[in-house]
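Engineer: Got a sequence here, can you build the structure:
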Amino acid sequence: MDKLAFLLRPKWLVLAAVVLAFAFLCFSVLAPWQLGKNTTTSARNDLITQSVDADPVPISDVLTSNGFPADDEWRRVIATGSYTPDSDALVRLRSIREQPAYEVITPFVIDGGPTVLVNRGYVLPVEGTRPPEFAAAPTGQVTLNARVRQAEGTSREPIQEDGHLQVYNINPEQIGAAVGVDAIDGYLQLDDNQPGGLGLIELPQTDAGPYLSYGLQWLAFGIMAPLGLAYFARAEIRERRNSRAELADAMSGEPDSDPEEASPAEEEEFTLPTRREKRARARAASRPTTPSDPRLADRYGKNR
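Structural biologist: Next comes the predicted model:
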């Protein structure tokens, strides 16, 4: 346990807390968020694909007391009735082919049924952001081919600007209260060449998008973060072990080489000198060792 005591230091505790919090967010928030968007997009694409080949049905076949079921979104329907005059609302901050646009919403009273909002299409602003003049909805009884859409949530309150009621979301309850009608939940989006139609709002692309890969990436990050922490902790343990070993070697004063390996000088066998070797060493010791020795010996008569 002493080897792991450094993990209780503040910097390691903070690092562990950050890593674990990040991993928790990856598994509980980030990955489910992207995977949920992938599921929603896939379900929407399936409904759009089914609606393309399906024949339109009377609106009464999909209309309930609570509006339109979610499983019937994008389904093509036929509705007969009449538009409510002078009750248009403009939806702000829309984008059509990467251009800012307004969408025009008009209440529609179904023959023998409730009132439903109809998205008549889009108009492009003039002079920057000012809505243009657009054709009013026809009067009298008309028959519409449209697609069922689910209501949007609300973000801001409606405003009156440039002579029009303007909203930020297609919410039947909010728009109905603003124009004075009781609209059912959900709305209709007109097909091409319909009475009262404006710019056609095309169907969205049915590609799956990057949400699945993003979700898998967040799951991978959630796994890699604790593994990275474990890797750095193991590297720290290994570095501390090596440091302790080097310190122990330095304090013991032992050489780095193996003590069992003897040097060549130590391995030589000791023998006593022979008589001949003794005489040779004696003669070598009696010889002059410097050039001045012969002159000194001659001066003092040693060679005479």
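
Engineer: going forward, measure contacts between C-alpha atoms and count neighbours the same way
Structural biologist: Fine.

Engineer: Low-confidence ranges, this protein, go.
Structural biologist: Applying pLDDT under 70 to the predicted model, the residue ranges of the chain that meet it are 1-2, 253-275, 278, 285-304.

Engineer: Tell me where it has strands.
Structural biologist: With DSSP state E, the ranges of strands along the chain come out as 57-58, 76-83, 89-96, 99-110, 115-123, 141-149, 159-161, 164-167, 183-190.

Engineer: any chance of these in a markdown table, plus mean neighbour count and distance to Leu13?
Structural biologist: Formatted as a markdown table, the strands of the chain follow (neighbours: other C-alpha atoms under 10 Å; distance: least, C-alpha to C-alpha, whole Å):
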| stretch | mean neighbour count | distance to Leu13 |
| --- | --- | --- |
| strand 57-58 | 14 | 64 |
| strand 76-83 | 20 | 59 |
| strand 89-96 | 19 | 47 |
| strand 99-110 | 22 | 50 |
| strand 115-123 | 25 | 57 |
| strand 141-149 | 20 | 51 |
| strand 159-161 | 12 | 53 |
| strand 164-167 | 20 | 50 |
| strand 183-190 | 24 | 52 |
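
Engineer: how about TSV for those, with distance to Ala225 added?
Structural biologist: Output for the strands of the chain, formatted as TSV (distance: least, C-alpha to C-alpha, whole Å):
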stretch	distance to Ala225
strand 57-58	53
strand 76-83	48
strand 89-96	39
strand 99-110	42
strand 115-123	48
strand 141-149	42
strand 159-161	48
strand 164-167	45
strand 183-190	44
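
Engineer: Figure out how far the longest helix seen in the chain is from the centre of its chain.
Structural biologist: The helix of greatest length in the chain, counted in residues with DSSP state H as the criterion, is given as helix 211-252. Averaging C-alpha coordinates over helix 211-252 and over its chain gives two centres that are 24 Å apart (C-alpha atoms, centre = their mean, to the nearest Å).

Engineer: do stretch 150-157 as well
Structural biologist: In terms of C-alpha atoms, centre = their mean, the centre of stretch 150-157 is set 27 Å apart from its chain centre.

Engineer: tell me the contacts of the residue nearest to Gly196 when sequence neighbours are not counted?
Structural biologist: Spatial nearest neighbour of Gly196, chain neighbours left out: Ala137 (4.7 Å); criterion: C-alpha to C-alpha, 6 or more residues apart in numbering. By C-alpha atoms under 8 Å, 6 or more residues apart in numbering, Ala137 lies in contact with 83, 85, 106, 195-196.
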